[in-house]
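K.L.:
for reference, the sequence and a predicted model appear below.
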Amino acid sequence: KQEVTQIPAALSVPEGENLVLNCSFTDSAIYNLQWFRQDPGKGLTSLLLIQSSQREQTSGRLNASLDKSSGRSTLYIAASQPGDSATYLCAACEINQGGKLIFGQGTELSVKP
Amino acid sequence: KAGVTQTPRYLIKTRGQQVTLSCSPISGHRSVSWYQQTPGQGLQFLFEYFSETQRNKGNFPGRFSGRQFSNSRSEMNVSTLELGDSALYLCASSTGTSGRTDTQYFGPGTRLTVL
């Protein structure tokens, strides 16, 4: 059974700092790994999708990596800003499970001005 | 292109009642998935519909059901509501046709409170 874990549960950093969020998964039989952002009381915003055959994806100040062999993904945020404050969730899409996503519990990020 | 829409945004019900939530996917998307989000359990998969057929189902009791119409719009129904059903219900749409590159796009959610 796939399990997705995110550490730490919460993180507070000063503005301008580079940071890394971690995600681990137990079953490497995945189509892709997706990162989302959720603002309080809102829906999820898709940030990056890494296919199982890829090692990393970049979008602006965000870079996500995937290491299937170790069951790990990281989300790197460069030059953090107060507007980056949100909960970040990773989700694994398993092979032959359609669009079903298995989510981690999320990392709540606070960027202080 | 319009995003995923969910109605209603907020609902207050009492125990024992039933409720129907609606989700309109992005135009051209044929897959709609539903998730329940609670502070204790996080995001949990309820079910996925693709071309009007349930393609996958999570581990929820039979009180939770859903359907999809020919225009890809989906509804989920919860019967005999319990206090523990209070949650944010999110739906997500995708093309549903290419697993590796198929990004899920989420709606704003329906906040259900059961009193």
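P.N.:
Arrived safely, thanks for sending.
K.L.:
now residue B:104: closest residue in space that isn't a chain neighbour?
P.N.:
Sequence neighbours aside, residue B:92 is the residue nearest to residue B:104 in space, at 4.2 Å (criterion: CB to CB, 6 or more residues apart in numbering or on different chains). For glycine as for every other residue, the C-beta is placed from the backbone atoms N, C-alpha and C.
K.L.:
test my guess that that neighbour contacts residue B:29.
P.N.:
No - using CB atoms under 8 Å, residue B:92 makes no contact with residue B:29, being 9.3 Å away.
K.L.:
hang on, the earlier thing: which element, helix or strand, includes the residue nearest to residue B:104?
P.N.:
According to DSSP states H and E, residue B:92 maps onto strand B:87-94.
K.L.:
let me know the helix or strand that residue 46 is in.
P.N.:
By default, I'm working from chain A. With secondary structure defined by DSSP H and E, residue A:46 is part of strand A:44-51.
K.L.:
you answered for a different chain; I wanted chain B.
P.N.:
Per DSSP H and E: residue B:46 is located in strand B:42-50.
K.L.:
anything in whatever helix or strand comes next after that strand near chain A?
P.N.:
Per DSSP H and E, the first helix or strand lying C-terminal to strand B:42-50 is strand B:53-57. Yes - using CB under 8 Å from any CB of the partner chain, we find that strand B:53-57 touches chain A at B:55, B:56.
K.L.:
average pLDDT for strand B:53-57?
P.N.:
Mean per-residue pLDDT for strand B:53-57: 91.
K.L.:
the helix or strand of chain B with the lowest mean pLDDT vs strand B:42-50, what angle?
P.N.:
Across the helices and strands of chain B, mean pLDDT, DSSP states H and E gives its lowest value to strand B:53-57, namely a mean of 91. Strand B:53-57 runs at 150 degrees relative to strand B:42-50, counting by axes from the mean of the first three to the mean of the last three CA atoms, to 10 degrees.
K.L.:
what strands line up against strand B:53-57, and which way round?
P.N.:
Partners of strand B:53-57 in the sheet, by DSSP bridges, are strand B:42-50 (antiparallel).
K.L.:
who in chain B is up against chain A?
P.N.:
By the rule CB under 8 Å from any CB, the part of chain B lying against chain A is B:4, B:31, B:33, B:35, B:42-45, B:48, B:50, B:55-56, B:58, B:88, B:90, B:92, B:94, B:96, B:99-109, B:111.
K.L.:
ok, of these, which come out buried?
P.N.:
For the residues of chain B next to chain A, a burial check counting by 16 or more other CB atoms under 10 Å in any protein chain shown picks out B:4, B:31, B:33, B:35, B:42-45, B:48, B:50, B:55-56, B:88, B:90, B:92, B:94, B:96, B:99, B:102-109, B:111.
K.L.:
where does chain B dip in pLDDT?
P.N.:
Chain B contains residues with pLDDT under 70 at B:1, B:98-100.
K.L.:
check it and tell me which residue is nearest its centre.
P.N.:
Geometric centre of chain B, nearest residue: residue B:34, 2.9 Å, by CA atoms, centre = their mean.
K.L.:
find the residue closest to it in space, skipping its chain neighbours.
P.N.:
Excluding the flanking residues, the one nearest residue B:34 by CB to CB, 6+ apart is residue B:46, at 4.1 Å.
K.L.:
just give me the neighbour total for residue 37.
P.N.:
I'll assume chain A. 19 (other CB atoms under 10 Å in any protein chain shown).
K.L.:
let's do chain B instead
P.N.:
Using other CB under 10 Å, residue B:37 is surrounded by 20 other residues.
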